[in-house]
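> Any chance you could fold what I've pasted below:
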Amino acid sequence: MALAKFAVMTLTESAAERVREIVDNADDAVGIRLGIKNGGCAGMSYTLDLAREAQPGDERVEAHGATVFVEAKAVLFLLGTEMDFEQTPLRTGFVFRNPNQVGSCGCGESVSLKPAEPAEA
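Model (predicted):
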């Protein structure tokens, strides 16, 4: 009996729909790649790019017909994250509900993240 693979993160149906739209409108894209980079007033920010192929170490997350590749260096910071897509009168974009987030800047462009802690047995 094969064990189910633990998903690094989850996608809402709304996020998956937007990812599918982005991929369908791009040449040769197979998904999007999610990562983190140092910078911004809170210390880190999320990055999103088109993925034309999986990179070594990427974690593949598939949900609702969409594919997101999580960069290897971002996995510990994104464990347990829910990726959503919201449209409001003032903002449209992806939203990350990340249990590893310990702070954010006032403008919402950067976050402070800590690596996920091991689950207790």
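
> Stretch 34-41: how far from the chain's middle?
Put simply, stretch 34-41 sits 12 Å off its chain's centre (CA atoms, centre = their mean, to the nearest Å).

> Mind listing what's buried along that stretch?
For stretch 34-41, a neighbour-count test (16 or more other CB atoms under 10 Å) marks Leu34, Gly35, Ile36, Gly40 as buried. Quick note: C-beta positions are derived from backbone N, CA and C, even for glycine.

> Next step: those residues restricted to strands.
If you go by DSSP state E, these have Leu34, Gly35, Ile36 in strands.

> all helices for this protein, in order.
13-24, 75-78 (DSSP state H).

> weakest of those in terms of mean pLDDT?
Least confidently modelled of those is helix 75-78, at a mean of 90 by mean pLDDT.

> Packing partners of it?
strand 31-38 (3 or more CB pairs under 8 Å, 6 or more residues apart in numbering; DSSP states H and E).

> The strand it packs on pairs with which strands, and in what direction?
Strand 31-38 has the following strand partners under DSSP bridges: strand 44-51 (antiparallel), strand 66-70 (parallel).

> report the angle between the axes of that strand and helix 13-24?
Orientation check (axes from the mean of the first three to the mean of the last three CA atoms, to 10 degrees): strand 31-38 against helix 13-24 gives 110 degrees.

> Average pLDDT for strand 31-38, rounded please.
Mean predicted lDDT for strand 31-38 stands at 93.

> next one: stretch 43-52
Averaging pLDDT along stretch 43-52 gives 90.

> What lies in contact with that stretch?
Stretch 43-52 is contacted by residues 22-23, 26, 28-39, 58, 67, 69, 77, 94, 96, 109-113 when judged by CB atoms under 8 Å, 6 or more residues apart in numbering.

> Contacts only, for the residue nearest to the spatial centre of the chain.
Centroid-nearest residue in the chain: Leu34, 4.7 Å away (criterion: CA atoms, centre = their mean). By CB under 8 Å, 6+ apart, the contact list for Leu34 reads Met9, Tyr46, Thr47, Leu48, Val68, Phe69, Val70, Glu71, Ala74, Leu78, Met83.

> Great, nothing more from me.
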